[in-house]
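Peer 1: Can you look at this prediction? I've put the sequence above it.
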Amino acid sequence: MSGIFSDAAVLRSASAPTVGADDEVDTSAHESPPQEKVPLTAVEPDGPPRGGIVVLHEAREVPESLLDLLRALALEGWLAVAPNLFHRGHGDDKEVFGDDLFADFDATSDWLVGRGVYPDCVGVIGFDDAGTAAFIVATSRPVGAAVSVAAAGIVEPLNSDAVALVEAAPKLQAPWLGLYGEDDPHTPPDHIEALRDAATRASVATNVVSYSGLKHRADHPREQPGSSDHSEPAAAALVDAQTRIFDWFDSFMR
């Protein structure tokens, strides 16, 4: 497997003004501004990628646990890439939704296509509020498949640029898998059940899975053997969650 590397994806620029044959164009007034880019962290598989997975995350720096997920996806044959959603420097309290989110996702998707990935073989996965972002992407972009882990904002939008997931669920355009922990205070069981019901009204395949506890998360650091949290049920939940993630992408991005 190829190693981890850094790169950048160019944001799509605005279309040039349309002019007629007899129009005079002041080229100095239409000079292209410097291209804005999205910093990326990526892992390539050995050989040609079978597709690409965009990994959305809340961290300003990619933690080792998330790098482990990128490596695991690459071992499955995917070109895995994590864009830095906070490259604009809006501040620690600025959630990334709305136009900025779509611009960053589109740029990352273009980057994958430029490296030989077919557009319908681009998937997206996100965690926590970035899981909400992955869900929203799946309602407005023709991705191959989407996965959200602990996506909040189920019955109330996270902010003015987001939307309640129960309202958006019927608009899903891509097969979507949601993974939740029943003990997560941000996503209580009754909210999860409401989302499960709303997702059944989508025209694509959906599945909402609940786990006891919070040890199913592929983005969390692994517990060391012998620690109080290292138990057989917790390990089984993590294996099950990762298997479901890989199987979901396998099933819908061929």
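Peer 2: Right, received. Where do you want to start?
Peer 1: can you confirm residue 39 is in a helix?
Peer 2: No. According to DSSP: H, G, I helix; E, B strand; the rest coil, residue 39 belongs to no helix; its state is strand.
Peer 1: what residues are up against it?
Peer 2: Counting by C-beta atoms under 8 Å, 6 or more residues apart in numbering, residue 39 touches 6-8, 83-84, 87. From N, CA and C alone the C-beta is placed, and that goes for glycine too.
Peer 1: what are the ranges of the strands in the protein?
Peer 2: 4-10, 37-43, 51-56, 78-83, 122-127, 145-149, 176-181, 206-211 (DSSP state E).
Peer 1: and those strands as CSV, adding distance to residue 244?
Peer 2: Listed next are these as CSV, based on distance: least, C-beta to C-beta, whole Å:
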stretch, distance to residue 244
strand 4-10, 25
strand 37-43, 21
strand 51-56, 14
strand 78-83, 15
strand 122-127, 11
strand 145-149, 8
strand 176-181, 6
strand 206-211, 6
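Peer 1: okay if I get the ones you listed as CSV plus mean pLDDT?
Peer 2: Shown next, in CSV, are the strands of the chain (pLDDT from 0 to 100):
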stretch, mean pLDDT
strand 4-10, 95
strand 37-43, 95
strand 51-56, 97
strand 78-83, 97
strand 122-127, 96
strand 145-149, 97
strand 176-181, 96
strand 206-211, 96
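Peer 1: can you tell which of those strands is closest to residue 112?
Peer 2: Checking the strands of the chain against residue 112 by C-beta to C-beta gives strand 51-56 as the closest, at 3.6 Å.
Peer 1: Between strand 37-43 and the closest one, find me the angle.
Peer 2: Strand 51-56 and strand 37-43 are oriented at 120 degrees to each other (axes from the mean of the first three to the mean of the last three C-alpha atoms, to 10 degrees).
Peer 1: what helices or strands is strand 51-56 leaning on?
Peer 2: helix 64-75, strand 78-83, helix 98-114, strand 122-127, helix 129-140 (3 or more C-beta pairs under 8 Å, 6 or more residues apart in numbering; DSSP states H and E).
Peer 1: at 10 Å what do you get?
Peer 2: strand 37-43, helix 64-75, strand 78-83, helix 98-114, strand 122-127, helix 129-140, strand 145-149, helix 232-252 (3 or more C-beta pairs under 10 Å, 6 or more residues apart in numbering; DSSP states H and E).
Peer 1: circling back: got a PyMOL select line for the buried ones in the contacts of residue 39?
Peer 2: Buried subset of the contacts of residue 39, written as a PyMOL selection, criterion 16 or more other C-beta atoms under 10 Å:
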select buried, resi 8+83+84+87
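Peer 1: okay, the helices and strands packed on strand 51-56 in JSON lines with distance to residue 190 next?
Peer 2: Shown next, in JSON lines, are these (distance: least, C-beta to C-beta, whole Å):
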{"stretch": "strand 37-43", "distance to residue 190": "37"}
{"stretch": "helix 64-75", "distance to residue 190": "29"}
{"stretch": "strand 78-83", "distance to residue 190": "32"}
{"stretch": "helix 98-114", "distance to residue 190": "27"}
{"stretch": "strand 122-127", "distance to residue 190": "22"}
{"stretch": "helix 129-140", "distance to residue 190": "18"}
{"stretch": "strand 145-149", "distance to residue 190": "18"}
{"stretch": "helix 232-252", "distance to residue 190": "21"}
